[in-house]
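S.K.: Fold the stuff below for me.
(one chain, ligands or ions: 3)
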Amino acid sequence: MSWIDDPAFAADKPFGPQTLPYGVVETAEGPAVAVRVGDHALPLRPLADEFTAELAELVAADSLDPLLAAGRPAWSALRARLIELVTATAAPDGAVLLPLSETATRLPFTVGDYVDFYSSRNHAENVGRIFRPDGEAVFPNWSHLPVGYNGRSGTVVVSGTDVERPHGQRKGDDGPVFGPSTRLDIEAEIGFVCGGPVARRVSTSAAPDHVFGVVTVNDWSARDIQAWEYVPLGPHLGKSFATSIGAWITPLEAFAAARVAVPDPGHPRQDYLVEDSHWGLDIHLQVFWNGTLVSKPDFAGMAFSFAQQLAHMTVNGATVRPGDLFASGTISGPEKHQRGSFLELSWGGKEPITLDDGAERSFLLDGDTIVITATAPGPDGSVIGLSEVAGTILAAGD
Ligand SMILES: O=C(O)/C=C/C(=O)CC(=O)CC(=O)O
Ligand SMILES: [Ca+2]
Ligand SMILES: [Mg+2]
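M.R.: Numbers count the residues shown, from 1 in each chain. Ligands and ions are numbered 1, 2, ... in the order given. Coordinates of the predicted model:
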């Protein structure tokens, strides 16, 4: 029996000893690197004596930045030592468990560059049909490369941060209209937090050494602003106002039992996009709108893995640095209940969704709260958790 007395800290629960995600919590002594154990946070600075000097320095920091930079050998060594510490029968000296319900989390690392991909075929087809009914739903480049755009890292926020309704231009009957967005939406995605040495032209086989861990992402999107502004250069103000990520980063190592092949594109790939082992991930998401479960997207069908996305991002010579973040693209499956955005769920606003309290919605109203959670299969029948990403919409400011 572990010294950690928390029923949520069990192998059949998402945040048992098989998961151990990292975050940063506020403590009386300031921000501290912590690991999530069940429904508690275990700050690591008080336990520094339990680690080698190199690891002690990383866990005593006030953000995950030094750990991200340290690279795969340090990540593996730290995780192995943590598993020993949290599964021991006696608590290490100085250990303090903080209930998550009473503990504030902060954005756990300095976000470097942010890239958002577009790798769900069902999402691309649905949005193509809604936004471009007279054109081709998916362009011919789509299956040959992971289409993406460079986003805005300075507005990446941690789960629990309120999101103010953005202002912008939208198309009116007599030209553009300016005001608060009337079609505010979500995008359920999975994000990848980069680390390790600065690198360029990262191969698919080297990609896992440059990905520290995995987070839930909500890529808030103002569809009215987006539809008017984004032709032909792509998403800009319709998405740059906020992107939310989960507060706890689940280490890539935790996903060993969740690896699957990405679907065969039906044509040869460029050599740099060929994988010598599978890096698709069998992650299952759930989207809650004011507490109602409205969608269950599955990540496993995504057309490109994170390894292919990272290889693509750097194949032109662009560098990847610790703290860079890239997201998968909105995750939608073939069924209606698997659509990862409300644009798709309501089919452009034509088929509103009924929530459990009887309220009808197509897009977000002020005061609405969205929570996205995710799990993956773990070793020996256990379950791996990705911490929730939550956000509430505030009315547009002045
Ligand atoms: O297909 C379009 O015209 C627009 C798509 C998006 O807005 C999605 C986007 O941000 C990329 C993604 O999340 O898949
Ligand atoms: Ca997106
Ligand atoms: Mg965004």
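S.K.: drop to CA atoms for contacts and neighbour counts, all remaining ones
M.R.: OK.
S.K.: Could I get the full set of helices for the stretch 101-250 of the chain?
M.R.: 121-131, 223-229, 237-240 (DSSP state H, counting those that start in this stretch).
S.K.: Does Leu44 touch Val59 like I think?
M.R.: Yes. Using Cα atoms under 8 Å as the test, Leu44 is close enough to Val59 to be in contact (5.7 Å).
S.K.: what is in contact with the two at once?
M.R.: With contacts taken as Cα atoms under 8 Å, 6 or more residues apart in numbering, the residues that reach both Leu44 and Val59 are Val33, Ala34.
S.K.: Who is the closest residue to Trp248 other than its chain neighbours paired with across the strands?
M.R.: Nearest residue to Trp248 in three dimensions, chain neighbours excluded: Gly23, at 4.6 Å (Cα to Cα, 6 or more residues apart in numbering). With DSSP bridges applied, Gly23 shows beta-bridge pairing to Ala34.
S.K.: surely Gly23 meets Val35?
M.R.: Yes. Taking Cα under 8 Å as the contact criterion, Gly23 and Val35 are neighbours in contact, 6.2 Å apart.
S.K.: who in the stretch 151-300 of the chain is up against ligand 3?
M.R.: For the stretch 151-300 of the chain, the residues found near ligand 3 under the criterion Cα under 5 Å from the ion are Asp219, Trp220, Lys239, Thr243.
S.K.: residue contacts, the residue nearest to Val127 when sequence neighbours are not counted?
M.R.: The shortest distance from Val127 to any residue that is not its chain neighbour, by Cα to Cα, 6+ apart, is 6.9 Å, and that residue is Glu344. The neighbourhood of Glu344, defined by Cα under 8 Å, 6+ apart, consists of His123, Asn126, Val127, Ile130.
S.K.: now the residue of the stretch 51-200 of the chain found nearest ligand 1: how far from Gly234?
M.R.: Scanning the stretch 51-200 of the chain for the residue nearest ligand 1 gives Tyr118, at 3.4 Å (criterion: Cα to the nearest ligand atom). Tyr118 sits at a distance of 12 Å from Gly234 (criterion: Cα to Cα, to the nearest Å).
S.K.: These two: who's more crowded?
M.R.: It is Tyr118, of Tyr118 and Gly234, that has more neighbours when counted by other Cα atoms under 10 Å, with 21 against 14.
S.K.: longest helix anywhere in this structure?
M.R.: For the chain, the helix that runs over the most residues, judged by DSSP state H, is helix 72-87.
S.K.: returning to what we had before: quick one: which of the helices of the stretch 101-250 of the chain is nearest Arg201?
M.R.: Ranking those by proximity to Arg201 (Cα to Cα) places helix 121-131 first, at 25.7 Å.
S.K.: Count the residues that sit near the closest residue to Leu345 other than its chain neighbours.
M.R.: Closest residue in space to Leu345, ignoring its immediate chain neighbours: Arg339 at 5.9 Å, by Cα to Cα, 6+ apart. Neighbour count for Arg339, taken as other Cα under 10 Å: 27.
S.K.: Model confidence for Met1, exactly?
M.R.: Per-residue confidence (pLDDT) for Met1: 88.
S.K.: Now do the same contact list for Ile372.
M.R.: Remark: with contacts taken as Cα under 8 Å, 6+ apart, Ile372 is in contact with Ala188, Thr216, Val217, Asn218, Leu285, Gln286, Val287, Phe288, Glu388, Val389, Ala390.
S.K.: quick one: contacts for the second one?
M.R.: It refers to Thr216. 188-191, 245-246, 372-374, 386-389.
S.K.: Closest to Phe304 out of these?
M.R.: The nearest one, if we look at those relative to Phe304 and count by Cα to Cα, is Ile190, at 12.5 Å.
S.K.: distance from the centroid: which residue in this protein tops it?
M.R.: Summary for the chain: using Cα atoms, centre = their mean, the residue whose C-alpha lies farthest from the chain's mean C-alpha position is Asp174, with a distance of 38.9 Å.
S.K.: so of the helices of the stretch 101-250 of the chain, which one's packed in deepest?
M.R.: By mean neighbour count, with neighbours taken as mean count of other Cα atoms under 10 Å, helix 237-240 ranks first of these at a mean of 22.
S.K.: which residues are in contact with that helix?
M.R.: Applying Cα under 8 Å, 6+ apart, the external contacts of helix 237-240 come out as 151-152, 155, 168, 219-226, 229.
S.K.: would you turn those residues into CSV with pLDDT and distance to Pro208?
M.R.: Formatted as CSV, the entries for the contacts of helix 237-240 read as follows, by pLDDT from 0 to 100; distance: Cα to Cα, whole Å:
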residue, pLDDT, distance to Pro208
Gly151, 97, 22
Arg152, 98, 24
Thr155, 98, 26
Gly168, 98, 39
Asp219, 98, 23
Trp220, 98, 27
Ser221, 98, 29
Ala222, 98, 33
Arg223, 98, 34
Asp224, 98, 37
Ile225, 98, 36
Gln226, 98, 33
Glu229, 97, 35
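S.K.: what's the closest of the residues you listed to Phe255?
M.R.: Distances from Phe255 to those, taken as Cα to Cα, are shortest for Asp219 (22.9 Å).
S.K.: quick revisit: what about the residue nearest to Val127, which helix or strand?
M.R.: Following DSSP states H and E, one finds Glu344 within helix 342-345.
S.K.: mind saving the C-alpha coords of that helix as CSV?
M.R.: Extracted in CSV, the C-alpha atoms of helix 342-345 (Å, rounded to 0.1, in the frame of the first residue of the first chain):
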residue,chain,number,x,y,z
PHE,A,342,-19.8,23.3,-32.0
LEU,A,343,-19.6,24.6,-35.6
GLU,A,344,-19.8,20.9,-36.6
LEU,A,345,-22.1,19.7,-33.8
